[in-house]
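>>> With the sequence up front, the predicted model follows.
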Amino acid sequence: MTEKTRPSMLPDRASALPEPESTATVEFGYRSIVSRRGPLALRWSMRTLLICAALGVLTLLITVVALTLGDYPLTVGQVWAALFGDAGSGFARTVVVGWRLPRALAAVMFGAGLGAAGAVFQSLTRNPLASPDIIGFSAGSYTGALIVIILVQGSYLQLAGGALIGGVATAALVYVVAWRRGVQGFRLIIVGIAVSAMLTSFNTWLMLTADLEVAMSAAAWGAGSLNGTSWDQTLYGSASILVLLAVLAVLAPGLRQLELGDDSAKATGVRTEPTRLAVMVTGVALTATVTAAAGPIVFIALAAPQIARRLTRSPGVTIAAAAFTGAFLLAAADVVAQHALPIALPVGVVTVVVGGAYLVWLIIHEVRRRA
């Protein structure tokens, strides 16, 4: 047998190599659910979904409790009958649907808006201290609304317009002053704190120069209160927040890329500055919507994203979890402000006390972590 015809005792190299798998599996370090629609695919963390569901249930329970408490106490059965149109509910339906339900829904929706706004700015700056009430955007919205109250004494829609214009103008000023071949998170926070201090002084001057009755009304509103919240305010505010949350859902992929840095975001095709500007305007609009209806309710936007991050154990701030956390926090704070204290207080007073303690803890935690 010649060498040419001798059968080879070695296996064929092509057959010896393992066949490549048809699909590759990437481990993200957490259990997740993937939803696909056409070319788009969304990945949801299982833990985040469960935390959001749990927070939603707790918020619903708090809302039901808020509908039962008051000078005219009701049982859960009476509340159910009033909500679903029992003809025999009578005065209970007026109490629940006409008086208590607008305030309870406003607490949930406004809390969700503030939580999402805080998540936006903390993601943009990659700093847990960044929130609309810290970097001046809430103060700008308050200034715009205060001008409408004192000088124009306008309607709710005019108040909302003034708050939106004031917030956007403040954001534009902070953005321009902080610009140095791009906007860095730390510089944005420092400039925002300085602008907030100046606006606070200007707001004080407006209050001192206004008529006494107008100034007292503006001061009560400026404490951050859901007292007297009407159905118009709740419906207009809730509709605006839902639209803005939908816009954030569209912008969220670009925001996640911005968390990795501008260079990484550009490498994946994200237009960094237009995306950053669009996200900032949306966050400011959320803050202005809440400010126009209830005044400047502080510290919800600061605390909700970080609490949500610790609950979900996610590597970054998640907008959905922050919104659910904010809704629960504001709903619970409103119940405490109305019923758990010797006298009823504006909800902003409760959030200031709780949020101030949280801010001190957060600063100490950050200092120890970086030491």
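In hand now; what should we look at?

>>> from here on, contacts and neighbour counts on C-alpha atoms
Will do.

>>> Which secondary structure state is assigned to residue 270?
Recorded secondary structure, residue 270: coil (DSSP: H, G, I helix; E, B strand; the rest coil).

>>> That one - nearest residue in space that isn't next to it in sequence?
residue 254 (6.2 Å; C-alpha to C-alpha, 6 or more residues apart in numbering).

>>> how far does the helix or strand in which residue 367 is found sit from the chain's center?
Here residue 367 sits within helix 347-370, counting by DSSP states H and E. Remark: helix 347-370 is offset 17 Å from the chain centroid, using C-alpha atoms, centre = their mean, to the nearest Å.

>>> related to what we said a few turns ago, measure the residue nearest to residue 270 to residue 316 for me?
14 Å (C-alpha to C-alpha, to the nearest Å).

>>> Now do the strands in the stretch 1-150 of the chain.
Along the stretch 1-150 of the chain, counting by DSSP state E, counting those that start in this stretch, strands occupy 32-37, 40-45.

>>> Surely the residue nearest to residue 270 is in contact with residue 275?
Yes. Between residue 254 and residue 275 there is a contact at 6.7 Å, judged by C-alpha atoms under 8 Å.

>>> I'd say residue 234 and residue 106 touch.
Yes. The pair residue 234 / residue 106 is scored as a contact, 5.3 Å apart, by C-alpha under 8 Å.

>>> Show me which of those two is the more surrounded one.
Shown here are residue 234 and residue 106; by other C-alpha atoms under 10 Å, residue 106 has more neighbours (26 against 23).

>>> so what's that one up against?
Applying C-alpha atoms under 8 Å, 6 or more residues apart in numbering, we find residue 106 in contact with 226, 229, 234, 237-238.

>>> So which of those is the closest to residue 144?
Proximity of these to residue 144 (C-alpha to C-alpha) peaks at residue 237, which lies at 16.9 Å.

>>> Against residue 265, how distant is residue 185?
According to C-alpha to C-alpha, residue 185 stands 15 Å off from residue 265.

>>> ok, now residue 200?
The value you get for residue 200 to residue 265, if C-alpha to C-alpha is used, is 36 Å.

>>> Number of residues surrounding residue 97?
Neighbours of residue 97 using other C-alpha under 10 Å come to 18.

>>> got it, and residue 263?
Using other C-alpha under 10 Å: residue 263 sits among 12 other residues.

>>> Please give the element, helix or strand, for it.
Going by DSSP H and E, residue 263 is in helix 262-267.
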